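A.B. asks: turn this into a structure:
(chains A and B)
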Amino acid sequence: MGDWSGYLALILQGALVTAQLTVMGSALALVAAFAAGLGRIAPLAPVRWLATVYIEFFRGTSIFVQLFWVYFVLPFAGISLSPLMAGVLALGLNVGAYAAEVVRGAILSVPKDQYEATIALNLTKLQRMRHVILPQALPLMLPTFGNNAIELLKATAVVSLISLTDMTFQAQVVRAQTGSTLIPFATILILYFAMAMIITTGVRALERRLTRGLDGVR
Amino acid sequence: MQWDWAFVAEITPTLLSGLKLTLLITLLSAMVAAALGLAFAIARRSPNRLVARPTGAFVEFIRGTPLLVQLYFIFYVLPDAGILLPPLVAGVIGMGLHYATYTAEVYRAGIENVPKGQWEAARATNLTMRQTWVHVVIPQAVPPMIPALANYLIAMFKETPLLSAITVLELMNQAKSVANSSYRYVEPMTLVGVFFLAMSLVSVVMLRWLERRYGRLGK
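C.D. replies: Next up is the predicted model:
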């Protein structure tokens, strides 16, 4: 008792793990979102089905169930993952499925004449995406991506249940050792909120950067 | 490890009893979320800044922090203040409060969706505030909200496994205790996944129907 700086250090260590999970999970989610989002509007039917199955599966069950499945069931199939890997995998794929719908919606909302113009100008598919469609679709995706990133940050708390030493886990350790409940939990609630604010601010800055020069278009 | 159907048959009744509790929790928390969300939405619209500002800050805070930590807070911290809640009640309050901050946004969007001309017409025909709400605003604001609210109902259903962390014996916790006593994880965990997936696929179909029936909330 009385060693508050030591306990605070423990919680800050946990905060680092939470931040790590959020960044790595978001990176995986971004990749999964674009793969599945573009897959759902692909001209090839099997690709569309695959993307739909992925999205419906991960949106249909909660992150908690998926995490436990990855951590407890996959080892029996011979795939043993460390808690951190299991956490990043489950978080990334789960949030990626939600974000995939955002990608699809944003790309479909680019006016049709833009597509027709690229065909008339004889652009390749890659050029069409890179220079015409994505610059217009990305600013539409960003605000929702920001919300998704915050959902991911919040979902990281669940990994404490598969013994990953994130912020929530460390708060439980402090509670067990000191018997104090208010201080550890209030501290991590504030820290989570601060992290969410950082994400919100970051996404807003990115949005301003990306919409620069688009004023005439929209 | 082999998939064992006999074991599946053996554990299914236990899991189904967990599923029943899961559904009960979902229903109760949904009612809390629906009522509390309306209160938040009204408080945030209040012309009195001393009401509107703190409510807004509180809602943002709840939305920005994890449900699991909020559940811990209710379950572990409140007893120190002399409020001892059974796990089930703590879970329902925690989940209801968390999702109330989401439903509050739905209510807000639904109310703002009613054209301004309707408010002006109500005033022009000399309706009282109560009449305006009951006969003009609510009948137009509520139907587009229904699909969005149903969406959060499904989301809450999927989040109920979190309550296993505060010792509520719902579906996930039943599966965990079965798994821990038999050392077989594959069947219980997979069955939980299948149950959730089946229920949410059915509810997605119902949601699509609601959207067709009542239309979607425009942004």
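A.B. asks: which SSE is B:P47 in?
C.D. replies: Under the criterion DSSP states H and E, no helix or strand holds B:P47.
A.B. asks: next, count neighbours for it.
C.D. replies: Neighbourhood size, B:P47 [other CB atoms under 10 Å in any protein chain shown]: 6. (C-beta placed from N, C-alpha, C; glycine too.)
A.B. asks: please state the backbone phi and psi of it?
C.D. replies: The phi and psi values for B:P47, taken as degrees, to the nearest 10, are phi -70, psi -20.
A.B. asks: who are the contact partners of it?
C.D. replies: By CB atoms under 8 Å, 6 or more residues apart in numbering or on different chains, no residues touch B:P47.
A.B. asks: please report how far it lies from A:A42.
C.D. replies: 51 Å (CB to CB, to the nearest Å).
A.B. asks: before we move on, what about B:R49?
C.D. replies: Remark: distance between B:R49 and A:A42 (CB to CB) = 51 Å.
A.B. asks: more crowded one of the two?
C.D. replies: More neighbours surround A:A42 than the other of B:R49 and A:A42, with 12 against 9 (other CB under 10 Å).
A.B. asks: where does chain A come near chain B, residue by residue?
C.D. replies: Within reach of chain B by CB under 8 Å from any CB of the partner chain, chain A has these residues: A:56-57, A:59-62, A:64-66, A:68-69, A:72-73, A:76, A:150, A:153-158, A:160-161, A:168, A:171-172, A:175, A:181-182, A:185-186, A:188-189, A:192-193, A:196-197.
A.B. asks: run the last query once more with 6 Å
C.D. replies: A:60-62, A:64-65, A:68-69, A:72-73, A:76, A:154, A:157, A:168, A:181-182, A:185, A:188-189, A:192-193, A:196 (CB under 6 Å from any CB of the partner chain).
A.B. asks: of the residues you listed, grab the buried ones for PyMOL.
C.D. replies: Those of the residues of chain A next to chain B that count as buried under 16 or more other CB atoms under 10 Å in any protein chain shown are selected in PyMOL with:
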select buried, chain A and resi 60+61+62+64+65+68+69+72+73+154+157+168+181+185+188+189+192+193+196
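A.B. asks: any idea how far the one helix or strand A:Q127 maps to is from the middle of the chain?
C.D. replies: Per DSSP H and E: A:Q127 is located in helix A:125-127. Mean C-alpha position of helix A:125-127 versus that of the full chain (CA atoms, centre = their mean, to the nearest Å) differs by 27 Å.
A.B. asks: after it, which helix or strand is next?
C.D. replies: helix A:134-155.
A.B. asks: and that following helix, what other elements does it pack with?
C.D. replies: On a contact count with 3 or more CB pairs under 6 Å, 6 or more residues apart in numbering or on different chains; DSSP states H and E, helix A:134-155 meets helix A:4-40, helix A:83-108, helix A:182-211.
A.B. asks: okay, those helices, which one's buried deepest?
C.D. replies: Comparing the helices and strands packed on helix A:134-155 by mean neighbour count (mean count of other CB atoms under 10 Å in any protein chain shown), helix A:83-108 comes out on top with a mean of 22.
A.B. asks: which of the residues in whichever helix or strand comes after it are buried?
C.D. replies: Using DSSP H and E, the helix or strand that directly follows helix A:83-108 along the chain is helix A:112-120. By neighbour count on 16+ other CB under 10 Å, the buried set for helix A:112-120 is A:T118.
A.B. asks: helix A:112-120 relative to helix A:134-155, how many degrees between them?
C.D. replies: Counting by axes from the mean of the first three to the mean of the last three CA atoms, to 10 degrees, helix A:112-120 lies at 120 degrees to helix A:134-155.
A.B. asks: any residues touching helix A:112-120, and which ones?
C.D. replies: Helix A:112-120 is touched from outside by A:128, A:132, with contacts defined as CB atoms under 6 Å, 6 or more residues apart in numbering or on different chains.
A.B. asks: residues in contact with stretch A:195-205?
C.D. replies: With CB under 6 Å, 6+ apart as the test, stretch A:195-205 has contacts from A:146, A:149-150, A:153, B:64.
A.B. asks: redo that, cut-off 7 Å
C.D. replies: The contact list for stretch A:195-205 (CB atoms under 7 Å, 6 or more residues apart in numbering or on different chains) reads A:19, A:142, A:145-146, A:149-150, A:153, B:64.
A.B. asks: and if you look at stretch B:175-191?
C.D. replies: With contacts defined as CB under 7 Å, 6+ apart, stretch B:175-191 is touched by A:68-69, A:72-73, A:76, B:1, B:3-4, B:7-8, B:11, B:14-15, B:164, B:192.
A.B. asks: swap in 6 Å and give it another go.
C.D. replies: Residues from elsewhere that reach stretch B:175-191, judged by CB under 6 Å, 6+ apart: A:68-69, A:72-73, A:76, B:1, B:7-8, B:11, B:14-15, B:192.
A.B. asks: how about stretch A:161-176?
C.D. replies: Counting by CB under 6 Å, 6+ apart, A:7, A:10-11, A:14-15, A:17-18, A:71, A:83, A:87, A:156-157, A:159-160, A:181, A:184-185, A:188, B:69 sit against stretch A:161-176.
A.B. asks: do stretch A:85-99 as well
C.D. replies: Outside stretch A:85-99, the residues touching it (CB under 6 Å, 6+ apart) are A:21, A:24-25, A:28-29, A:32-33, A:55, A:58-59, A:63, A:66-67, A:70-71, A:148, A:152, A:155, A:159, A:164.
A.B. asks: what separation do you get for the residue minimising distance to the centre of chain A and A:L134?
C.D. replies: The centre of chain A sits closest to A:S26, judged by CA atoms, centre = their mean, with a distance of 3.7 Å. A:S26 sits 19 Å away from A:L134, going by CB to CB.
A.B. asks: now swap in B:A39 and tell me
C.D. replies: Relative to A:L134, B:A39 is positioned 42 Å away (CB to CB).
A.B. asks: who has more neighbours out of these two?
C.D. replies: Neighbours were counted for B:A39 and for A:L134 using other CB under 10 Å; A:L134 has more, 16 against 13.
A.B. asks: name the nearest of the contacts of stretch B:175-191 relative to B:V202.
C.D. replies: B:V192 (16.2 Å; CB to CB).
A.B. asks: what number of residues lie near that closest one?
C.D. replies: For B:V192, the neighbour count with other CB under 10 Å is 28.
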